[in-house]
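# give the three-dimensional model of this entry:
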Amino acid sequence: MNPFDFLKEKASNVGAFASNQLPDRANLFLRYMTGLGDKNLDLDESTLSSLREATFDWPKEAIQVHGPTGMEFVKPGPWSLEHRSGAVDPYGKGYGSAVDHTLGRFTTNVNPDKTFINMTDTYDMENEFEDPDLVSGKFQPFKAAKSFLSSFHNDGSNLTGASNLGRAAMYLSPFKPKPFDININVPYEGRIGNSEEY
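Numbers count the residues shown, from 1 in each chain. Presented below is the predicted three-dimensional model:
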């Protein structure tokens, strides 16, 4: 390895370590904006637990039922506390910011002997909720100013304010951020500790 590559590798290791000290949503965003990607990624155990919880096979569509007296009530659809493989869409389901502000939608695969769950995603901030100009790499000062000002007039949530500041920075960025893949194995059940694999 030549000296330049050695220094570059050391700098990226230091950057990844520093990024991991941030809250997970900021960690992922910084990695996206700086090109660090999944280099030495380490998410918090509470985030991983919340992501794992989002893979439960929760109740399906509720069913309206008429009782014996003619009274109507809602009977929940079939469900189980089994983790499932497939697409996970946590929006509007009450999982909180540890899920919908980190991976958002992601895909899971439960291994046949139910010892671990594989979670995959591409972090790219491209979805129907976001302005496509956000990741265009075009310098957009007016949209940046609007996002910056809205960070002070939000719903009272620090999360929303921080998100709008991040969007303002993206509108000012002269380059298109580089999406990166996330691939994590977590134990099927029990405490995760540091047993996850990236």
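# Ser195 against Pro187, yeah?
Yes - using C-beta atoms under 8 Å, Ser195 is in contact with Pro187, at 5.7 Å. To be clear about C-beta, it is placed using only N, CA and C from the backbone, and glycine gets the same treatment.
# looking at these two, which is more packed in?
For Ser195 versus Pro187, neighbours defined as other C-beta atoms under 10 Å are more numerous around Pro187 (17 against 13).
# which other helices and strands does the longest helix anywhere in the chain contact?
Secondary structure assigned by DSSP state H gives helix 3-20 as the longest helix of the chain. Counting contacts by 3 or more C-beta pairs under 8 Å, 6 or more residues apart in numbering; DSSP states H and E, helix 3-20 packs against helix 24-34.
# can you name the element that comes right after the helix it packs on?
Remark: after helix 24-34, the chain's next helix or strand is helix 45-53, criterion DSSP states H and E.
# what angle do that next one and helix 24-34 make?
On the basis of axes from the mean of the first three to the mean of the last three C-alpha atoms, to 10 degrees, helix 45-53 is oriented at 90 degrees to helix 24-34.
# ok, which stretches of this protein are strands?
Under the criterion DSSP state E, the chain contains strands at 56-57, 63-66, 72-75, 80-83, 86-88, 106-110, 116-123, 180-187.
# next one: Ser173 from Asp181, what distance?
Distance of Ser173 to Asp181, computed by C-beta to C-beta, to the nearest Å: 21 Å.
# more crowded one of the two?
Ranked by neighbour count (other C-beta under 10 Å), Ser173 and Asp181 place Ser173 first, with 18 against 11.
# pretty sure that one contacts Met33?
Yes - applying C-beta under 8 Å as the test, Ser173 and Met33 come out as touching, 7.0 Å apart.
# quick check: which ranges of the protein have low pLDDT?
Along the chain, segments meeting pLDDT under 70 span 57-80, 153-160.
# switch to 90 and redo it
Low-confidence segments of the chain (pLDDT under 90): 1-10, 56-82, 90-98, 100-101, 125-133, 137, 147-166, 173-175.
# would you confirm that Val181 contacts Thr107?
Slight slip there: residue 181 is Asp, not Val. No - using C-beta under 8 Å, Asp181 is not in contact with Thr107; the gap is 11.2 Å.
# what touches both of these two?
Common neighbours of Asp181 and Thr107 (criterion: C-beta atoms under 8 Å, 6 or more residues apart in numbering): 120-121.
# and Gly35, how many residues sit next to it?
Using other C-beta under 10 Å, Gly35 has 13 neighbouring residues.
# OK, contacts around it?
Here Gly35 is in contact with 177-178 (criterion: C-beta under 8 Å, 6+ apart).
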